[in-house]
Structures are given as structure tokens and as C-alpha cells.
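In: no sequence on hand, only this structure:
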């Protein structure tokens, strides 16, 4: 049977349509593969560091763990070390939360801002009401706290200006404004840890230091968990793994064991400057919370959401601190 020209043309059209259909299916499959969610993998170096921290924690553990009589330098160091490690536990509430979109990033910033404002308030109150028998300074604790707060503001504003002039700096894959905000938060949390480390050392140095030091360390360990959460909610939306965020949180608290030992050995020298350190950390932390995190939260959500979430976070943090102080 001889095909007509019209029949051959119709068959050619069907063949072309079939080929185009197959090509479209292949393209759709490829596009589906391309838009699949990116799986974050924890770098091997981060895993190695986490394992080394666990080994170090076991090897340096004093025996007995609870000091009997006058605490040893090893006890003071180790309790400061435990408070630093507890900061990493702040990541745990975020383990069950999937990747955050822009709105939830804003909510996270609002939560972090509320926590940091509460922490700043506690630092100011602790500095202004500071009263130790060995405090030989003739300047009132309130004035020393205010001086520290002013120095903290000067420091954080100078740091911010420096980072704005060096936008090429990156932090764990973050660049530009994200890197600047992460660095500022990292700095204020680290500065805060210096004061906490001195507090641990001073608490172990008294006549009842073997009991008071353990209590203060345990209180700070609990207090550090929400601070670790504040760091994690800033880092996780920027494609960092949870273990990486936990290590960054722990790193901000490393000054605690480092400062605890000299403060314990030279307690009479550290007590007069403690209110200044508390004010310094409080001033820097308050500025970052109010002028960095809240601004970012407002841009990603809205005024109402930012106000409600940050207020709830602030009240919750103050409630937790109140429970710790009452005990």
C-alpha cells in the first residue's frame, strides 16, 4: 500500500511530538533532581573536634568530682569547663525543627533578641547590687557597672564600624551583613563569658567555696543553655549544621574556665573589677539585641510578630533566671 504525502507528514508530526514528549519528561526529571532539598553534611573536622572535646572532658575530670575542703585548681577549671560545654546544649530544641524559611528566621532573631535583653538586664542588676566583703574599691558598684556599660558600647560600635569597612571577612561561610551580625553576637557572648568565668573563680575562693562554687557553676550551666540557643537560632538558618552551631556556642563560653582559675588564685584582685566586667558585657549585649537582631526580625516578619515573640522570649528568660536565683 502506497502512503500519500499527507499520511507521511502526519506520521512525521507524531514522531516529533513523541520525541518532544520524551525530552520534556527527561527535562522534568532533571529539574526535579535540581530542586531537591540540599542535605547538609557535618564537616569531618567538626566531628573530630567534638570527639576531642568529649575525650578531654573525661581525662581532665577530677577525682572526686565534688571538692572536699579547699577546692583544687583542677576543680575550679573543670566546673568552669562544664559550664562552657552546657552552652552547646542550646541546640537541642532545634534538632526537631526543619530548615527555616525567611519568616522563621525572623522569629528566631526575635527569640534571640529577647533572651539577650534579659541577660543584659541580669548583668546590670548583678553589677549594681554587687556586694562582697573583699571589695576594697571606693567607687560604688553602680558607678563601676555604668562605666563598664559605656565601655561596652564603645567597644561594640567600634567593632561594628571596623566590620563594615571590611566586608570581605567571612564567618563559617557567612559574608557581608550575615557575617557582621554573627561576629557581633559571637563577641558579646564571649565577653559575657569572661565575667561569668570570674564569677566562678570568686565563688570558689570564699570560706564556703567548695559548696558555693559548685552551686554557682551549676546555675551558670543552666543559664548558658538558652544563651547557646540564641547563638544557634542565628547560625542554623545560614546553612550550618547543628553540631557546628553547638561548637560555636561552646567556643563563646571557653573564657569561663580560662578566667575561673586566675580569679580563684587572685580573688582579692578580681573582685573590685567584676562590676565593670558585668556592665561591659551587658552594654554590648543590649546594643546587639536592640539594634541588630530586632531590626532583622522586623524585616523578615512584621512589627507585631517581632514585638510579641521577643517579649515572650524576654519574659521566659527572666522567669528562668528568677528560678535559678531563688534556688
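Out: Thanks, I have it. Small disclaimer: the values here were computed from a predicted structure and weren't measured. Numbering: from 1, shown residues only.
In: element containing the residue sitting nearest the centre point of the chain, please.
Out: For the chain, residue 231 is the residue whose C-alpha lies nearest the centre (Cα atoms, centre = their mean; 2.0 Å). Here residue 231, judged by DSSP states H and E, is contained in helix 209-235.
In: and the contacts of whichever helix or strand comes after that helix?
Out: Downstream of helix 209-235, the first helix or strand assigned by DSSP H and E is helix 242-252. Applying Cβ atoms under 8 Å, 6 or more residues apart in numbering, the contact partners of helix 242-252 are 42-43, 46-47, 49-50, 53, 84-85, 87-91, 94-95, 172, 186, 189-190, 192-193, 227-228, 231-232, 235-236, 240. Heads up, the C-betas are built off the backbone N, CA and C, glycines and all.
In: re the thing from before, check which helices and strands the helix holding residue 231 is in contact with.
Out: helix 73-86, helix 102-128, helix 176-204, helix 242-252, helix 303-326 (3 or more Cβ pairs under 8 Å, 6 or more residues apart in numbering; DSSP states H and E).
In: Throw those helices into JSON lines and include mean neighbour count, thanks.
Out: As requested, the helices and strands packed on helix 209-235 are exported to JSON lines (neighbours: other Cβ atoms under 10 Å):
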{"stretch": "helix 73-86", "mean neighbour count": "23"}
{"stretch": "helix 102-128", "mean neighbour count": "23"}
{"stretch": "helix 176-204", "mean neighbour count": "23"}
{"stretch": "helix 242-252", "mean neighbour count": "23"}
{"stretch": "helix 303-326", "mean neighbour count": "15"}
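In: can I get those in a markdown table including distance to residue 276?
Out: Below are these laid out as a markdown table (distance: least, Cβ to Cβ, whole Å):
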| stretch | distance to residue 276 |
| --- | --- |
| helix 73-86 | 20 |
| helix 102-128 | 8 |
| helix 176-204 | 9 |
| helix 242-252 | 20 |
| helix 303-326 | 21 |
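In: out of those, name the one with the poorest average pLDDT.
Out: The weakest mean pLDDT among the helices and strands packed on helix 209-235 belongs to helix 176-204, with a mean of 76.
In: chain center to it: distance?
Out: 9 Å (Cα atoms, centre = their mean, to the nearest Å).
In: stretch 104-113 now?
Out: Centroid separation between stretch 104-113 and its chain, computed with Cα atoms, centre = their mean, is 12 Å.
In: repeat for stretch 153-161
Out: Relative to the chain's own centre, stretch 153-161 is displaced by 19 Å; criterion: Cα atoms, centre = their mean.
In: i'd like the first residue to be 484 from this point on
Out: With the count now opening at 484, the last piece we talked about shows up as stretch 636-644.
In: pull out the buried positions in it.
Out: For stretch 636-644, the neighbour count (16 or more other Cβ atoms under 10 Å) marks 636, 638, 639, 642, 643 as buried.
In: for residue 548, grab phi and psi.
Out: As for residue 548, its main-chain torsions (degrees, to the nearest 10) stand at phi -70, psi -40.
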